[in-house]
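Undergrad: make a model of this:
(chains A and B)
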2 protein chains.
Amino acid sequence: MKVDGKHYRSIWFNEEAGCAQIIDQRWLPHEFRVVDLETREDFAASIRDMWVRGAPLIGATAAFAISAEMKRDPSDANLDEAWDELHATRPTAINLRWALNEMRNTLRPLPEAERAEAAHKRALEVNDEDVETNRMIGVHGLEIIRKIAAKKKPGEVVNILTHCNAGWLATVDWGTATSPMYHAQAAGIPIHIWVDETRPRNQGALLTSWEMNSHDIPHHLIVDNAGGHLMQHGQVDLVIVGTDRTTAHGDVCNKIGTYLKALAAYDNNVPFYVALPSPTIDWTVKDGVTEIPIEERDGEEVTHVQGKLPDGSIGSVQISPDGTPGGNPAFDVTPRRLITGLITERGVCEPSPEGLAAMFPDRVLD
Amino acid sequence: MKVDGKHYRSIWFNEEAGCAQIIDQRWLPHEFRVVDLETREDFAASIRDMWVRGAPLIGATAAFAISAEMKRDPSDANLDEAWDELHATRPTAINLRWALNEMRNTLRPLPEAERAEAAHKRALEVNDEDVETNRMIGVHGLEIIRKIAAKKKPGEVVNILTHCNAGWLATVDWGTATSPMYHAQAAGIPIHIWVDETRPRNQGALLTSWEMNSHDIPHHLIVDNAGGHLMQHGQVDLVIVGTDRTTAHGDVCNKIGTYLKALAAYDNNVPFYVALPSPTIDWTVKDGVTEIPIEERDGEEVTHVQGKLPDGSIGSVQISPDGTPGGNPAFDVTPRRLITGLITERGVCEPSPEGLAAMFPDRVLD
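TA: Below you'll find the model as predicted:
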C-alpha cells in the first residue's frame, strides 16, 4: 500500500541489491527504515526480534530466507538446518511452519543445481499469492461493508472497530482486517475506523494508525477499554479483526483483548468478523480455549511503554512502581459462538466445522 | 493505610501546620510528596488537576476546603462562592456535590461567628465517616472472599481482579474495592491481585500497584486486554471494582473498560462485585446507559503515556503517529444484569431497584 504516496509492499525482492528488503517495523510510526535481509541470521533476527510481524508476513519472510539459503548452499543438510533455525524464531506462528514446509516440499525433490532458481521463483510466488489472498479478502469483506452502508443515509459514515494490526504491514500487502477498509475507501464508501491501541505492544497505535494516516482514512485511536462503551452507544457498525490461528471448528486465537471486544459486540448486536487467509487455519485443532497454548511474554512489555520522546528520539517510560511484576499473556481465544463470520479469500463462511469444511473441502481433515 | 510502614490517610488536618495536607498523587508511584492546602485556589486546583482523585476523596477534600474558607470569611456570600467554585472543578463527581451540600446545610443556619469552628468539626466528621464507611465495606466484602477461600484447599490463593484505583488513595482510608482485600490480608486469607493497568491514565499501574506493594499483597500488573483470557482459564475467582456513580436501579458507571470486564466475568461465571459508599448512589437516575452523560477527555491522554524515564525523571512518550487523533470517553456503564452484588457500608445487596431500596429505605426516592 502507500507510504507518502509511493507504493510499497512490506517485503520485496530488490533485483538491484540482489536481496530481499523489508520495512523495519520496530521504528514505525516514528521512522521509516528499509533493511536488507541477506544472511540466515538477518532473516532469523528479523522474525525473532519483530522487525517483521504478522502471521502472513512472517511466512513470506521465511520463504525468502529459504531462497537466500539455497543460493548459498542448496544441500539437503542446509535446507533442514535453515528450516529448524527459522522455525524456532516464532514456534507458535502457524504461517511460518506452513511457508517453511511449502518451500521444503518444493525443493526437496529437485537436484541441488536447480534449487536456487526454483526457491527464488517459489518465494516470489508465495509473496504474490499472499497479496492475491488478501486482495480477495478485501473483495469479499467489501460486500459486508456495502450492505451496512446501504442501510444508512447517503454519505453517512460506516464505523469500523479493529484490534491490533492486521494491516498490510502484517501481510505482504493489503492486510487482512484492513483489506475490506481499503476496498471500501476505493469504492467511495465513507468509513471511519476506531483503532484499538492494543496494549501491551501498541500495534494499533503504532502501526494501524500509521496505515490509516498514510491512506487518509478517517480514524481515532482509542484505548482498549473504550470499545464496549462505543458499541453501547451505537458508534460501531462493524468489528473486523485478524487472527493468528483459527481452529477447524471456527474458534479464533488472536491478540490479547480480542475476546473482550467480541463479547461487547455480541452484547450489542454489532457484527463481529474475522479476516483470515486460509493458511492461518489449523485443521488439527478443534477447541481453541482448551487446545491452544498461549504464549506468556516478558512482563516488561506491561510495566514499560515505548514511544517517541519530546526530543524526537525513541525511548520508554516505566508506568508501574519498582517491584510490581507484569503478567503478559499475548493472545486470547474468541469462541466461535461470538463470531458473525470468517472472511476468507474464497468468501465469507460461518465459524463452524461445517462452515469451514464447506469452504475448504480440499483442506479439511477427517 | 501504610506507606513505608507508617500509617497515612490520603488527606488529613495537620494541627501543627494549621491546614489540611494531602498526598499529591500526580507523582505516585515514583515520588511521595505531601502538599499543604490553604487557599481556595489550592483546594480547587487539587481537585481540578487531580492531585487528589477518587469520588470519596474529592468529597473529603471539598469539606476541608469549605472549612478553610469559613476561617477566612464566614459570610453567606463566601459560602456560596466557594460552593460554586469548588463544584465547578469536577462537575460530574456526585460525592463532590454531596459533600458541598452537607457542609452548606450544616453551616447556613449558624451565626457567622460559629461557622469556622462548626465547619472544621463537620469536615473532620465527614472524613472520619468516610473512613468508617470504607472499613465497613471491607468487613462485608471480607465475607465474600472468605466464602470463596472456604471452597479451596487450605492455603490456596484467592485471585481477585480489579480495575482502576478504588483504593485507599481514592478515599480517605481503606478504599472501596481494596478494603475487602486489606481485610482479607489481615484475616490471614492468602490473596493475589490482578491489577488492570487502566488506560489511558494508568491508575491501576500507578496507584493500585503502589498500594499493593506498600502492603506486601502479591499482585501482577496486567494490560486491560488480559482479564478475559485469565477468566477463561480459571485464574480469576472474583472481580471487585469501585464506581463513580451507581443508579437507583443498580447500574454502575465506572472507569472506562469496567463494562468489558463485567461481560467477561458474566461469560465465565466469575462473581463481579462493585464496592460503593452510599453517597455514590444517584437516586435520581435509573438507566445508566441512556441517562448518564459520559465525560470525553483530552485525546492526548490516549496518544501519550506518562511514566518514569530511565534517568528517574517523569516524562511522557507519544505512541501514535503525528496526525492521529485520540478518542477518549472516560467512563462506561455496566448494566446491572452483569453485576453479582453491590458491597455497601450497610451490607451486600442485589443490583436492582428492590435491592437498593431495601438496603437504603431512608434514601430511596419515590
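
Undergrad: helices of the stretch 151-300 of chain A, start to end?
TA: For the stretch 151-300 of chain A, the helices defined by DSSP state H, counting those that start in this stretch occupy A:179-186, A:203, A:209-214, A:227-232, A:258-267, A:288-291, A:300-303.

Undergrad: need the contact partners of the third one.
TA: Defining contact as Cβ atoms under 8 Å, 6 or more residues apart in numbering or on different chains, one finds that helix A:209-214 is touched by A:1-4, A:28-29, A:165, A:167-169, A:175, A:178, A:193, A:195, A:217-219, A:221, B:320-321, B:323-324. Heads up, the C-betas are built off the backbone N, CA and C, glycines and all.

Undergrad: make a PyMOL selection of the buried ones in those residues.
TA: Only the buried entries of the contacts of helix A:209-214 go into this PyMOL selection, using 16 or more other Cβ atoms under 10 Å in any protein chain shown:
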select buried, (chain A and resi 1+28+29+165+167+168+169+175+178+193+195+217+219+221) or (chain B and resi 320+321+324)
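
Undergrad: quick check: A:Lys261 vs chain B, distance?
TA: Using Cβ to the nearest Cβ, to the nearest Å, one gets 8 Å for the distance from A:Lys261 to chain B.

Undergrad: kindly apply the preceding question to A:Arg97 instead.
TA: When distance is defined by Cβ to the nearest Cβ, A:Arg97 is 23 Å away from chain B.

Undergrad: wait, which of the helices of the stretch 151-300 of chain A is closest to A:Val241?
TA: Proximity to A:Val241, assessed across the helices of the stretch 151-300 of chain A by Cβ to Cβ, is greatest for helix A:258-267 (5.5 Å).

Undergrad: quick one: that closest one to helix B:258-267, angle?
TA: Following axes from the mean of the first three to the mean of the last three Cα atoms, to 10 degrees, one obtains 90 degrees for the angle between helix A:258-267 and helix B:258-267.

Undergrad: could you give the average pLDDT over helix A:258-267?
TA: The average pLDDT for helix A:258-267 rounds to 98.

Undergrad: ok, now stretch A:122-139?
TA: For stretch A:122-139, mean pLDDT is 97.

Undergrad: distance between it and the chain's centre?
TA: 13 Å (Cα atoms, centre = their mean, to the nearest Å).

Undergrad: re the thing from before, what's the closest of the helices of the stretch 151-300 of chain A to B:Asp80?
TA: Distances from B:Asp80 to each of those were compared using Cβ to Cβ; the shortest belongs to helix A:227-232, at 35.8 Å.

Undergrad: so for that closest one, mean pLDDT?
TA: Averaging pLDDT along helix A:227-232 yields 98.

Undergrad: also stretch A:336-348?
TA: Per-residue scores along stretch A:336-348 average to 98.

Undergrad: which stretches of the stretch 51-200 of chain A form strands?
TA: A:158-162, A:191-196 (DSSP state E, counting those that start in this stretch).

Undergrad: same list (those strands) but as JSON lines, adding mean pLDDT.
TA: As requested, those are exported to JSON lines (pLDDT from 0 to 100):
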{"stretch": "strand A:158-162", "mean pLDDT": "98"}
{"stretch": "strand A:191-196", "mean pLDDT": "98"}
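
Undergrad: need these in JSON lines (columns: distance to chain B).
TA: Formatted as JSON lines, these follow (distance: least, Cβ to the nearest Cβ, whole Å):
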{"stretch": "strand A:158-162", "distance to chain B": "11"}
{"stretch": "strand A:191-196", "distance to chain B": "7"}
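
Undergrad: adding distance to B:Thr61, write those out as TSV.
TA: TSV is the format used below for the strands of the stretch 51-200 of chain A (distance: least, Cβ to Cβ, whole Å):
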stretch	distance to B:Thr61
strand A:158-162	38
strand A:191-196	35
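
Undergrad: nearest spatial neighbour of A:Gln232, skipping sequence neighbours?
TA: The spatial neighbour of A:Gln232 that comes closest, neighbours along the chain excluded (Cβ to Cβ, 6 or more residues apart in numbering or on different chains), is B:Val289 at 5.5 Å.

Undergrad: for that neighbour, grab the count of nearby residues.
TA: The local packing count at B:Val289 equals 17, with neighbours defined by other Cβ atoms under 10 Å in any protein chain shown.

Undergrad: was I right about it contacting B:Asp251?
TA: Yes: with contacts counted by Cβ atoms under 8 Å, B:Val289 reaches B:Asp251, the gap being 6.9 Å.

Undergrad: okay, and the common contacts of the two?
TA: Among the neighbours of B:Val289, those also in contact with B:Asp251 (Cβ under 8 Å, 6+ apart) are B:333, B:335.

Undergrad: how close does the closest residue to A:Leu161 other than its chain neighbours sit to A:Cys349?
TA: The spatial neighbour of A:Leu161 that comes closest, neighbours along the chain excluded (Cβ to Cβ, 6+ apart), is A:Trp194 at 4.2 Å. Plainly put, A:Trp194 is 25 Å away from A:Cys349 if you go by Cβ to Cβ, to the nearest Å.

Undergrad: fine by me, we can end here.
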